[in-house]
Each structure stands twice: as C-alpha cells, then as structure tokens.
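A.B. asks: build me a model:
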Amino acid sequence: MTKILLVEDEDSIRKFVKINLEREHYKVFEAASGEEGLEVARREKPEIVVLDIMLPGIDGFEVCRVLRNEFPELGIIMLSAKSEDLDKIMGLQYGSDDYLTKPFNPTELSLRIKSLERRLEIDVDNSDNEIFQGPFKLDTYSRKFYKGEKEIILTPTEYKIMKIFMQNPGKALKRDDILKMVWGDEIDMDSKIVDVNIRRLRSKVEENPAKPDYIETVWGLGYRWFTEV
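C.D. replies: Below is the predicted model:
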C-alpha cells in the first residue's frame with residue numbers, strides 16, 4: 001500500500017482529499033503546516049507527498065527543497081491556489097515532480113498520483129539492467145545513475161527522462177512525446193514541465209549547463225541525448 005503524506009493547512013480540503021485517497025486504498029498521513037509535514041515525513045517515510053504551497057510557517061517551496069535533499073527518491077506533487085506559471089515553475093525548480101492548481105477534481109489528483117507511482121516503480125526486467133554511454137551508467141534495477149565513479153542523485157521524474165534518453169541515444173525527441181512517456185496520455189500537462197526538468201538535469205550532468213554537451217536542444221522540436229560511445 002502506497003503511503004501518501006498530505007500537507008495542507010485548510011482542514012476542509014485536507015479531510016476531503018484524505019477521504020478520496022483512502023477510497024483509492026492509499027495510506028494517508030496528514031500535516032497542517034510545513035514544520036509538521038517535515039516531521040511526519042521523517043517519521044513515516046511516505047512514497048509520495050502532496051504538498052500545498054501556501055502554508056503557515058515554512059512554505060511549500062522550502063518544504064519541497066528540504067524533502068528533496070533528504071529523500072531524493074520521494075515523489076512530490078505540489079498544490080497551488082494560483083494558476084500563474086511562476087508558481088508552477090518555482091515548484092518544479094525546487095524539485096517537485098508535478099503540480100496541480102486548486103480547485104481540482106479528486107480524480108485528477110488520483111491520475112497524477114498513479115502516474116507518479118509508475119515513475120517510482122523499480123524495473124523488473126533484469127536482462128539488461130545497466131546502460132553505458134560515454135561517461136554515464138544507468139542502473140535500471142537499483143535506479144542509480146553515475147557519471148564516471150560519481151553517483152548523480154535524480155528525482156523520479158528526472159530518472160524517467162534520463163532512462164528515455166539513454167534508451168534512445170541520438171534520437172530527436174519531441175517535448176510532447178517526452179511528456180506522454182513520462183506523465184502518460186491520461187493527464188493534460190503543459191510541455192513547460194519538460195523544459196524545467198531538462199534544465200535541472202543539465203545542471204546535474206553537464207560541465208557547463210549553458211553550453212550542454214549531452215542534452216542538446218533541437219530547436220522547434222525538443223531534445224536529443226548525445227554521447228560518444
């Protein structure tokens with residue numbers, strides 16, 4: 001049973017979301033503030049956190065940053081009361097995997113959680129569980145990624161994108177194709193979420209993210225992963 005931490009200061013929203021998630025057979029923990037959310041996360045070790053941005057005390061952005069540093073493989077969905085792109089982009093830059101604007105349909109949240117669960121799953125096919133390209137190695141069984149001898153910590157979404165790149169070296173991939181392969185067909189997402197994750201990946205794998213050697217931009221289309229094998 002997937003454990004979900006719901007960090008939301010509005011009691012009515014929190015209770016409503018909890019009831020709906022429990023109907024989907026999730027184990028739900030609650031927190032009404034950022035500080036309480038961090039405390040519960042450290043104690044209960046959830047797989048997914050649904051995190052509101054506007055919280056008393058520590059806001060959702062800071063909670064996301066701390067959680068991402070302490071639990072790199074944690075799935076994080078941020079809730080925003082605003083539809084402004086800035087909130088969405090900031091949440092992604094702090095390390096969230098997804099975002100949802102309030103008010104939202106509980107079914108939409110459930111679909112996004114299921115999409116995130118798929119990204120958290122460990123690959124069960126052991127026939128080819130290590131992919132080597134250039135200085136990089138992706139271990140699909142342990143979900144670890146290395147540049148040379150150094151492990152690079154990836155979020156679940158970054159890991160999924162990296163796996164797609166390394167399974168399609170040299171191929172120009174459309175933003176919409178990456179979006180569908182990572183988030184699924186059933187979710188209506190803005191392709192900007194792909195661009196933000198690419199920027200985060202470049203900051204981790206490139207020597208100079210402003211002049212990338214490995215994750216190339218294909219103008220007007222998307223991105224291409226290039227390494228000399």
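A.B. asks: tell me the secondary structure at Leu154.
C.D. replies: coil (DSSP: H, G, I helix; E, B strand; the rest coil).
A.B. asks: can you get me a residue count around the closest residue to Pro209 other than its chain neighbours?
C.D. replies: Nearest residue to Pro209, sequence neighbours excluded (Cβ to Cβ, 6 or more residues apart in numbering): Arg202, at 4.1 Å. No exception for glycine: its C-beta is placed from N, CA and C like everyone else's. Summarising burial for Arg202: neighbours were counted as other Cβ atoms under 10 Å, giving 19.
A.B. asks: same thing with Ala210?
C.D. replies: 6.
A.B. asks: shouldn't it be within a helix?
C.D. replies: No. Looking at Ala210 with three-state DSSP, it is coil, so not inside a helix.
A.B. asks: shouldn't the residue nearest to Pro209 be in contact with Asn208?
C.D. replies: No. Contact status for Arg202 versus Asn208: not in contact, 9.1 Å apart, counting by Cβ atoms under 8 Å.
A.B. asks: find the helix or strand that the residue nearest to Pro209 is a member of.
C.D. replies: Per DSSP states H and E: Arg202 is located in helix 192-205.
A.B. asks: using PDB, list the CA coordinates for that helix.
C.D. replies: C-alpha atoms of helix 192-205 as PDB (Å, rounded to 0.1, in the frame of the first residue of the first chain):
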ATOM      1  CA  LYS A 192       6.900  23.600 -20.000                       C
ATOM      2  CA  ILE A 193       7.200  20.900 -17.300                       C
ATOM      3  CA  VAL A 194       9.600  19.100 -19.600                       C
ATOM      4  CA  ASP A 195      11.800  22.200 -20.100                       C
ATOM      5  CA  VAL A 196      12.100  22.700 -16.400                       C
ATOM      6  CA  ASN A 197      13.100  19.100 -15.800                       C
ATOM      7  CA  ILE A 198      15.700  19.400 -18.600                       C
ATOM      8  CA  ARG A 199      17.200  22.400 -17.000                       C
ATOM      9  CA  ARG A 200      17.500  20.500 -13.700                       C
ATOM     10  CA  LEU A 201      19.100  17.500 -15.500                       C
ATOM     11  CA  ARG A 202      21.600  19.700 -17.300                       C
ATOM     12  CA  SER A 203      22.700  21.300 -14.000                       C
ATOM     13  CA  LYS A 204      23.500  17.800 -12.800                       C
ATOM     14  CA  VAL A 205      25.100  16.100 -15.900                       C
END
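A.B. asks: how distant is that helix from the center of its chain?
C.D. replies: Relative to the chain's own centre, helix 192-205 is displaced by 11 Å; criterion: Cα atoms, centre = their mean, to the nearest Å.
A.B. asks: what residues does that helix touch?
C.D. replies: For helix 192-205, contacts defined as Cβ atoms under 8 Å, 6 or more residues apart in numbering pick out 85, 88-89, 92-93, 95, 98-99, 136, 147, 152-155, 157-158, 161-162, 175, 178-179, 182-183, 209, 212, 214-215, 222-223.
A.B. asks: tell me what the helix or strand where Glu151 lies is packed against?
C.D. replies: Assessed by DSSP H and E, Glu151 sits inside strand 150-152. Secondary-structure packing of strand 150-152 (3 or more Cβ pairs under 8 Å, 6 or more residues apart in numbering; DSSP states H and E): strand 144-147.
A.B. asks: the same query, at a cut-off of 6 Å, please.
C.D. replies: If you count contacts as 3 or more Cβ pairs under 6 Å, 6 or more residues apart in numbering; DSSP states H and E, strand 150-152 packs onto no helix or strand.
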